[in-house]
Structure formats: C-alpha cells, structure tokens
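>>> Just need the structure, nothing else, for what follows:
(chains A and B)
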Amino acid sequence: MNGPADLRLGRRKRADLFFRVLAAASAALVLLSLLLILGTILWKSIPALSFSMLTKTPQGGFYLGKEGGILNAIAGSLYLAVGATALAFLLSLPLALYLNLYKGKGSKTAAWTRFFLDVLWGVPSIVYGAFGFIIMLALGLRASLLAGILTVALLEFPILCRAIDEVMRLVPRELKEASDSLGATRFETAFKVFVRQTAPGILTGVLLAFGRGIGDAASVLFTAGFTDRVPTSLADPAATLPLAIFFQLGTPFPEVQQRAYASAAVLTLIILLISLAGRAMSRKATRHVVK
Amino acid sequence: MNGQTPISIRNLSVFYGDLQVLKDVSLDIPANRITVIIGPSGCGKTTLLKSLNRLLDDTEGVRIRGQVVLDGEDIYAPRTEVTRIRKKMGLLSQRPQVLPMSIYENVAYGPRIHGLRARRDLDRRVEHYLQVAGLWDEVKDRLREPASVLSVGQQQRLCLARGLAVEPEIILGDEPTSALDPQSSQNVERRLAELKRDYTVVVVTHILRQARRVADYLAFLYLGELVEHGPAADVFAAPRDPRTRAYLTGEIS
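Sure thing, here's the model as predicted:
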C-alpha cells in the first residue's frame, strides 16, 4: 500500500488539488473585485443620479452642487470615441490585411511592423496626449473635438490593428489557397473571405479599442479640452466623462463628488451596453465562420 | 480533345531555400484522362500539383525553374495573368476547405468574381454544378445555411462544385479523399471518373489502391525525381525502374 508509487500519486493529487483551489480563488477574487467596483460606484452615485443628470448640461453653479447634468460629457465622450474608433478602424483593417495577405509568414517588414505596433500599444496615453498637444500647437489648432479624435485614434490604432492582425494570423493557409485557386485577386480574398472569417474577432477588437478610447482621460486632457456645452462642430472643444470625473472629484463639495460617481456609473454603463451589443453582433457574425 | 496535352511540364525544378524539392521534372498530362501522381509522402507530389496553378507563388523562399505550358502558354512567363491561369483549374485540397459563407455563396463565389452577376444565371450555375458534384439533392432545401454545417464528405463535394463553377478545363486533386470516410471517398472517386469526359484530371495520392482504381495515366515521383510515367495499365503491369517496382510491391512507402 505504501510503495513509492503510492507516495508519488499522493503528491500529484495534492498538487492537483492545490491548483484547483488556486484557480477557483483567482476566479472568485476577480468576480469580487468587479462586484465591489460596480457596487461602490452605484452606491456612491445614487444620491446624484437623476434624469436631469443625463439630459442636461451643467447650468449655473453646477460645480458648486447646483443645477444641471453631465450631458456635455456623455455626448462628448460618445462623439469622441465613435469618431476615433471609426478612424482607427479605417487605418487598422487595411494594415492588418496587408500584413497577412500581401506579406508572407517570414516577412521582415511584417515582423518589424508588428514590433512597432506592440511598442505603440505600450506607450502611456499621457504621452499620446502630449504628442497630440505639440502637433496641435504646431498646426495652430485649439483644443477641439477633432484634435481629441485624432489623438484617441492614434491611441486606439495599435490596439485595434494588432487585435485584427492576431485573428487573421489564425486563418488557415488552405482558406487563402481555396480562394486563390478560384482565380480571386488578393483584394477579393481579403475582403470577401478574410474579413468574413475573422468578423467576430474584428468586432472584439473594435470593442476593445472603443473601451480604451472612451475611458481614457490623459490623451484628451490637452487635446479635446473641456466645456459645459455639447459640441456642435469638430472645431468645438469637447467634454469627456473621464475628465468630468476628474474635475468633479477634485472639488471640495460632497454633492459634486457624488456627481463624479454618477459620471463613473454612466461611463461604466455605456461600456457595458456596448459590450452586450457587441456580443450579440458577434454571435451573428460567427454563423458563417469556418472552423 | 483526345491525344492533346493541355499541360506540358518542361524541366521543372522547385527549391525551398536550399532544398530542391522537384528535380528537373518533365511530364505531358494527357487530355480527358485521370493522371495520378503517386509516391511516398514528402517526395514533392503536392509541390508538383501546386506548381500547376501557381499556388506556390506566395510561399516564402520558393524558387521555380523550368516551364509549365498550359494551352501553349508558359504560366510562369512574366506577363501571364495568374488569376486567369487559376480560373482554368479547379482544386480539391486534402481537407475540404469551405469558404466562410453559405452553401449557395460558396459555389457562386467563383462565378461572381469572374463577372457573373445576374441572379438567374447564378442560380442556374449553382444548381447545375451542385448536381454535377452529386450534392444537389442533399442541400437544395438549405442553400442559405453556412457551408460549415455540412459533413466533411459533403464539404469536399461542395468544394468540387465550387471549383467546377468557374468552368475550368482541368481539375487538380491533392489527396482529395484523405480526410474522408470510405463511402465519401468512393463518391468522390466516382465523380472524378465521370468528370474525365469533360475535363482533364490530375490527382495526387499515396494510396496505391486508389491509384489502381482511378488512374489512366500514372506518374511515380520519388525524392523529387520523376522516376517513371506512362499509361497506368503498363506501369502497374510492368514497371521499368527498380524503384517503381519496389514502391508498387510495398518495399518502399
């Protein structure tokens, strides 16, 4: 009964058990953190959450705890993130297709491009903000929705491009050959086959980039500015939710601080809704994907 | 068409980097016959097949020397349009690779990119070639479903229909039954035997019994070298080269 094999089996079973407990504990911790964050934000924001918070721009004395809401920041953030994500997508999709269809697996150009994109991914957003600010000054632009969109697009671009690139790298070579052997051009193979095959992954990348863009404060601090009004043109400055949180939390008034939490709740809700919508769309896009 | 050679391979050598995979291969493919290329794995069979419709073009570090003449035209000549060459050949790969779209769209894909637009023409073409591939009755009620729901055997016949729908002259098969169950294999073999009336068929296989069943013309490739070729009956009955004899008797495989 107590031979060396039994002893070893006992040790292996203990190691197995240890890792099962560890995995379960990690999962529990992640879930708990999420619930804690959501709970805190919601609980703290309840006193300030109201309909006018969502539908009104700041009125007189808003920053002293009086009239108005954060419509300026909600609209600003949505304009900015939608614009930036669209722009980043227009740059990312062609580059990812180029890397995967026009450049071979062993291409040095492709390897370097991926490396640079990874470096760009790691650049802190305040650096993008500072860079955007310098460009703005050089061009003689004011802080505006346009400058914010351009800067955030730059921030999102490496994320989106690499996300699309990674799913495209998984496309089997045979799928490309199947399309090629029917006499398709690379362009046709790219847009009719690759894009369809990777549609769910592309969508995930877009959501990832959108989430990063709408939640970022540092890149828009100098470039998009802040305003109490809803922007009506690309040349207007635009308020954003992360900056609204930042400014409201920085005031000494508890009523205004509560509004910061309300802003955070709204921001979280927007990201949640976008994720859910994305999931639904992704399920639809998966229908034709070939395994 | 009989007696003509739609494809003539002349002194073809293929290198992957420093490795020479095909050594000075010369072979005339007879029209309206099934030419079977046999040989052990890794001896250049697939490379030879892919060199016929320039699928090697995008492979990293590949060098090609020699000529492949298709209908009197060197397909590797600088001015040759690669999409036009490929349109002349339908390819069946080892594992059927359906496109990420519906059953209908899989077959319509080729004709569409080559300019067929009218709905009725497309419908007719799709139905016709699904029938030729022996798949129509199984899918006619679910043409809008994703092609990936089909069984592997059905997928391979869909790939056949897809390849035929661009109206090629030649059908290339790269071990087209290797992923299929025996019944589906038999089905595909039977299709190929029927199709040789209208097409020239080139099939790569390492299954000797399959070669015996379908081959009209046989080519034996060993370590990149075309050892022997000729009418299948002759080669099977009396192989001239000792290596061919060794392969046919199972001494090397």
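
>>> was I right about residue B:218 contacting residue B:236?
Yes: using CB atoms under 8 Å, residue B:218 is in contact with residue B:236, at 7.1 Å. For every residue, glycine as well, the C-beta is placed using N, CA and C.

>>> mind showing which ranges of the chain have poor pLDDT?
I'll assume chain A. Residues of chain A meeting the criterion pLDDT under 70: A:1-2, A:61-62, A:64-65.

>>> try chain B instead
Residue ranges of chain B with pLDDT under 70: B:1-3.

>>> quick revisit: between residue B:218 and residue B:236, which has more neighbouring residues?
Looking at residue B:218 and residue B:236 with other CB atoms under 10 Å in any protein chain shown, you find the greater number of neighbours at residue B:218, namely 24 against 16.

>>> Stretch B:150-160: which residues count as buried?
For stretch B:150-160, a neighbour-count test (16 or more other CB atoms under 10 Å in any protein chain shown) marks B:150, B:153-160 as buried.

>>> Okay, and which of the residues you listed map to strands?
Among the buried residues of stretch B:150-160, DSSP state E puts none in strands.

>>> Select from these every entry located in helices.
Filtering those for membership in helices, criterion DSSP state H, returns B:153-160.

>>> any idea how far stretch B:138-157 is from the chain center?
Its chain's C-alpha centre and that of stretch B:138-157 lie 21 Å apart, by CA atoms, centre = their mean, to the nearest Å.

>>> who's residue B:64 bridged to?
On DSSP bridges, the residues paired with residue B:64 through beta bridges are residue B:14.

>>> Tell me how far the residue most central in space within chain B lies from residue B:106.
Of all residues in chain B, the one closest to the mean position by CA atoms, centre = their mean is residue B:172, 1.2 Å from it. According to CB to CB, to the nearest Å, residue B:172 and residue B:106 sit 18 Å apart.

>>> which parts of the stretch 101-250 of chain A sit against chain B?
A:104-107, A:172, A:174-185, A:188, A:192-193, A:196-197 (CB under 8 Å from any CB of the partner chain).

>>> Show me how the chain divides into domains.
All of this is about chain A. A:4-45, A:55-288 (automatic domain parsing).

>>> not what I meant, chain B
Chain B resolves into domains spanning B:1-88+B:168-253, B:99-167 when parsed by automatic domain parsing.

>>> Would you mind finding the most buried of these?
Greatest average neighbour count among the domains of chain B goes to domain B:99-167 (a mean of 20), per mean count of other CB atoms under 10 Å in any protein chain shown.

>>> Just the terminal-to-terminal distance for that one.
One end of domain B:99-167 sits 18 Å from the other (CA to CA, to the nearest Å).

>>> do it and chain A meet?
Yes: interface with chain A: domain B:99-167 contributes B:99-102, B:109-110, B:113-114, B:146-148, B:159, B:162-163, B:166 (CB under 8 Å from any CB).

>>> Just the strands from the stretch 51-200 of chain B, written as ranges.
B:62-70, B:73-74, B:89-92, B:170-174, B:200-204 (DSSP state E, counting those that start in this stretch).

>>> Could you list every helix and strand in contact with the last one?
If contacts are counted by 3 or more CB pairs under 8 Å, 6 or more residues apart in numbering or on different chains; DSSP states H and E, strand B:200-204 sits against strand B:34-38, helix B:45-52, strand B:170-174, helix B:182-195.

>>> Can I get stretch A:74-90 in PDB? Just the C-alpha atoms.
C-alpha atoms of stretch A:74-90 as PDB (Å, rounded to 0.1, in the frame of the first residue of the first chain):
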ATOM      1  CA  ILE A  74     -21.800  62.000 -22.200                       C
ATOM      2  CA  ALA A  75     -22.200  63.400 -25.700                       C
ATOM      3  CA  GLY A  76     -18.600  64.500 -25.900                       C
ATOM      4  CA  SER A  77     -17.300  61.100 -24.900                       C
ATOM      5  CA  LEU A  78     -19.600  59.300 -27.400                       C
ATOM      6  CA  TYR A  79     -18.700  61.600 -30.300                       C
ATOM      7  CA  LEU A  80     -15.000  61.300 -29.500                       C
ATOM      8  CA  ALA A  81     -14.900  57.500 -29.000                       C
ATOM      9  CA  VAL A  82     -17.100  56.800 -32.100                       C
ATOM     10  CA  GLY A  83     -15.100  59.100 -34.200                       C
ATOM     11  CA  ALA A  84     -11.700  57.800 -33.000                       C
ATOM     12  CA  THR A  85     -12.700  54.200 -33.300                       C
ATOM     13  CA  ALA A  86     -14.000  54.700 -36.800                       C
ATOM     14  CA  LEU A  87     -10.800  56.400 -37.800                       C
ATOM     15  CA  ALA A  88      -8.600  53.800 -36.100                       C
ATOM     16  CA  PHE A  89     -10.600  51.100 -37.900                       C
ATOM     17  CA  LEU A  90     -10.100  52.600 -41.300                       C
END
